[in-house]
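Asker: The sequence and its predicted three-dimensional model are supplied below.
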Amino acid sequence: MTAANRQIRLAARPQGAVKPTDWEHATAPAAEPGEGEFAGRTRFLSLDPAMRGWLDDRPSYLPPVGIGEVMRAGSVIEVTASNHPKYEVGDHVVGTFGVQEHVVSDGRGTIKVDPAAAPLSTYLGALGMPGMTAYFGLLEVGALKDGETVVVSGAAGAVGSIVGQIAKVKGCRVVGIAGGAEKCALLTEELGFDAAIDYRSEDVRKALREHCPDGIDVYFDNVGGPILDAALTRLAMHARVVICGAISQYNAESKVEGPSNYLSLLVRRARMEGFVVFDHAARYKEAAAEMAGWIAEGRLKVKEHIVRGTVDDFPGTLQMLFRGENVGKLVLELV
């Protein structure tokens, strides 16, 4: 008997915040693997702020998810049947398999992972795309130097929490910007940040003057909007502003709010650069090996927010990102 494959498909282009009616909860027959393919059952689904951008029909680094298509998502699957020479039943594989219970793949763009080396969820977080984003965004795009002052927004999120810790490994002073006293306490008391700014209760510009008296050498931006604008006022000479994301703007129904203080880049001879982590794919293995070493040494702490549920819980879980409810990497574990 063919298994039923529960899926979440895009039903409509969201206008502003994503609504329940923008999704279709569908069931399709689970496909069998053909020659050179393997089939698998989804164990963990990745939830990322970038998903909001994938729903809009506009030019980007990836084509938009099509109406009626299974929602794009990274996931960890367990191989259940295989006609592929490199994959066996019981293997665990990371890939962009989409929000569905069962998958079939020819292996392109996939990586076999070892659950004995790290929890499976970690391959979607610190040892996955968020970790790679933090590593290359800070060290390559940000051109970090030992002893510099680093400020990161969205600091309690999947990418930001790793950015700050990598900067500490490199001997830098680190200030994190996050929402709420609990998240700020996590940054300083557990993750080793030198200071934290609660954007919900503090004047961010004033706090940056206090915590960064000599200016910001690297600003790693995950949120955009007024926080980015405030950071631009505190740049040190030859600072680097790394544009990773702008979660504060993703649900905007009007024009995206850009920085009014951009002339600070001229005055401070600074640069602002956006990047996409896929451009560094050839070096993922190298980065993951170094980061795994830091984790083993206790110098990099993994923070994950795991929600246990079914594929049908994906839409509601995704909204946690935009309400700021997650700490660290948000993952949906299918049970």
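Answerer: Yep, that arrived.

Asker: mind listing the helices for the stretch 201-335 of the chain?
Answerer: 204-211, 225-232, 264-267, 284-296, 314-322 (DSSP state H, counting those that start in this stretch).

Asker: Gly324 - how many residues pack around it?
Answerer: Around Gly324 there are 17 other residues, counting by other CB atoms under 10 Å. Any C-beta I mention is one placed from the backbone N, CA and C, and that applies to glycine too.

Asker: do Ser264 as well
Answerer: 18.

Asker: related to what we said a few turns ago, which of the helices of the stretch 201-335 of the chain is buried the deepest?
Answerer: Mean neighbours per residue, mean count of other CB atoms under 10 Å, is largest over the helices of the stretch 201-335 of the chain for helix 225-232, with a mean of 22.

Asker: then that helix to CSV, C-alphas only?
Answerer: What follows is helix 225-232, C-alpha atoms only, in CSV (Å, rounded to 0.1, in the frame of the first residue of the first chain):
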residue,chain,number,x,y,z
GLY,A,225,15.2,49.2,9.4
PRO,A,226,15.9,51.6,12.4
ILE,A,227,18.4,49.2,14.0
LEU,A,228,20.6,49.4,10.9
ASP,A,229,20.2,53.1,10.8
ALA,A,230,21.3,53.4,14.4
ALA,A,231,24.4,51.3,13.9
LEU,A,232,25.5,53.4,10.9
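
Asker: With distance to Val104 and mean pLDDT as extra columns, can I get the helices of the stretch 201-335 of the chain in CSV?
Answerer: Listed next are those as CSV, based on distance: least, CB to CB, whole Å; pLDDT from 0 to 100:
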stretch, distance to Val104, mean pLDDT
helix 204-211, 48, 98
helix 225-232, 41, 95
helix 264-267, 48, 97
helix 284-296, 24, 94
helix 314-322, 20, 96
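
Asker: possible to save those helices as TSV with distance to Val174?
Answerer: Output for the helices of the stretch 201-335 of the chain, formatted as TSV (distance: least, CB to CB, whole Å):
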stretch	distance to Val174
helix 204-211	10
helix 225-232	14
helix 264-267	21
helix 284-296	15
helix 314-322	23
